[in-house]
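Novice: This is a predicted model, with the sequence first.
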Amino acid sequence: MDMIWANSGDSHWIEEPDFWDRHLPPKLASRMPRAVVSADGLSETVYVDGQSFERRLPTVYRNKNEDGLTMVEESSARAPGAGNPRLRLADLDHEGVWGELIFASVGLWQFMIRDPELAREGVKAQNDWTASEIAGVSKRFVPTAGVSLLDVGDAVTELQRCAGLGFRAVCLPIDPPEGHDQFNRDTWEPLWSAAEEAGIAVAFHIGTSDAKDLAPHRGPGAMVQNYVEQSYGGQRAAMRMVSSGALDRHPRLRLVIAEGGASWVPFLGDRMNEAYRQHHRWVRPKLSRLPKETLFDQVYTSFMHDVSAVATLTAMGYNNVMWGSDYPHVEGTFGHTQETLHELFDAVPAEARHRITRGAFLDLFPDVGEPPATGAS
Ligand code: MN
């Protein structure tokens, strides 16, 4: 089986459990996000600055066999390089993943912090460590910076500092902290200007809303409903950034919606165009081009297994679709990346295959370059 090399528009690092203790003073460290796995290993409790919530840990299928699907329960920590950037490169070489856009894991829950000082110091510590210990190890790693959204001035200051540290992407939650203006408001203009100016892509990872919004469904089908529900937040973020004119005013700003699939993009574009056209008299602000055009041009998306994602490019003209491994999370493709890539792309023409597996990613992060040519496709 030939190796299909791909860049991943959605990967994660797993923080060491004592990360905050090593990088922040004790009175701050004890309030930072930490996850405690239950005795049976089926769920975890996440503690963030006086708040806590429990969540079920994912169960995934790895193999098809004669009986159907084999369900296995495994910890994210099973990937040798989950928390070690040097071992990580060996994992990537084995899986056929070249460059990676890398998000935090437990660190993503920093969005729940409500104390501006704690939020500010937490992202600073994380960004400093990430710049030296992840980005500093290989140009194949594109880690996302964190910023506090409790104060837009703090966010801009940290984003600019991160640009100086070499970051090319910033991770934002799909909703601002509760009580703060939504992303369609002018409040956030300074942040969009700073990101555009610095050439930093704004990456929204799905599922990064407040914990209370994580699992709104109960009863029959709730597991599937809650999983699917997570994708909508990313779609709403893209919709707000397009229809409010934020992307129109910042034509060089690029968004990434990570882990939420891609085939929703043509649908959303058509719906926004219909609203814009049919209700033109009431539409504010007016945009320099139709919403779908901006969406297709400035919003990049990543998917893992979705068979419909490839057709968004080949049949619907949406070019900014990226594959993503979600390494090393269990929803992702670790251990079966090549099988997944072959299933998705064996029948896809070379140009489209290259665009989805590597080309779209290179628009945003050209420095990762191309993998070694030997046997690569
Ligand atoms: Mn992910």
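Specialist: Alright, I've got the coordinates. Residues are numbered from 1 along each chain as shown.
Novice: Return the set of buried residues in stretch 237-254.
Specialist: By 16 or more other Cβ atoms under 10 Å, the buried positions in stretch 237-254 come out as 237-250, 253-254. Any C-beta I mention is one placed from the backbone N, CA and C, and that applies to glycine too.
Novice: what about H329, helix or strand, and which?
Specialist: Under the criterion DSSP states H and E, no helix or strand holds H329.
Novice: Kindly tell me how buried it is, as a neighbour count.
Specialist: 22 (other Cβ atoms under 10 Å).
Novice: Check the gap between it and I174 for me.
Specialist: 17 Å (Cβ to Cβ, to the nearest Å).
Novice: for I102, same thing?
Specialist: Distance from I102 to I174, by Cβ to Cβ: 18 Å.
Novice: Quickly note the distance from the residue lying farthest from the centre of the chain to the ion.
Specialist: When each C-alpha in the chain is compared with the mean C-alpha position (Cα atoms, centre = their mean), R281 comes out farthest, at 35.7 Å. According to Cβ to the ion, to the nearest Å, R281 stands 41 Å off from the ion.
Novice: Could you pull up the contacting residues of that residue?
Specialist: Residues near R281 by Cβ atoms under 8 Å, 6 or more residues apart in numbering: none.
Novice: and the residue in the stretch 1-150 of the chain that the ion sits nearest to, helix, strand or coil?
Specialist: Going by Cβ to the ion, the ion is nearest to D10 of the stretch 1-150 of the chain, at 4.3 Å. Following DSSP: H, G, I helix; E, B strand; the rest coil, we place D10 in the strand state.
Novice: OK, contacts around V48?
Specialist: By Cβ under 8 Å, 6+ apart, V48 lies in contact with 31-33, 109-110, 112-113.
Novice: just to revisit the earlier point, kindly state the pLDDT recorded for the residue of the stretch 1-150 of the chain closest to the ion?
Specialist: pLDDT for D10: 97.
Novice: for the residue nearest to it when sequence neighbours are not counted, phi and psi?
Specialist: Nearest non-adjacent residue to D10, counting by Cβ to Cβ, 6 or more residues apart in numbering: G324, 3.0 Å away. For G324, the backbone dihedrals (degrees, to the nearest 10) come out as phi -150, psi 140.
Novice: What's the local residue count around G324?
Specialist: 26.
Novice: What of W192?
Specialist: Around W192 there are 19 residues (other Cβ under 10 Å).
Novice: That one reaches A246, doesn't it?
Specialist: Yes. Counting by Cβ atoms under 8 Å, W192 does reach A246; the two are 5.4 Å apart.
Novice: Now for these two: what residues contact both?
Specialist: Common neighbours of W192 and A246, using Cβ under 8 Å, 6+ apart, are L253.
Novice: show me what contacts D91?
Specialist: By Cβ under 8 Å, 6+ apart, the neighbours of D91 are 79-81, 327-328, 334.
Novice: next one: A145
Specialist: 123, 127, 130, 158-159, 162, 165, 167, 169-171, 200.
Novice: so after the longest helix along the chain, what's the next helix or strand?
Specialist: Scanning the chain for the helix with the most residues, using DSSP state H, yields helix 222-243. Sequence order places helix 246-249 as the next helix or strand after helix 222-243, per DSSP H and E.
Novice: What residues sit buried inside stretch 283-296?
Specialist: 287, 291-292, 294-296.
Novice: again but with stretch 269-282, I slipped
Specialist: For stretch 269-282, by 16+ other Cβ under 10 Å, it's 269, 272, 276.
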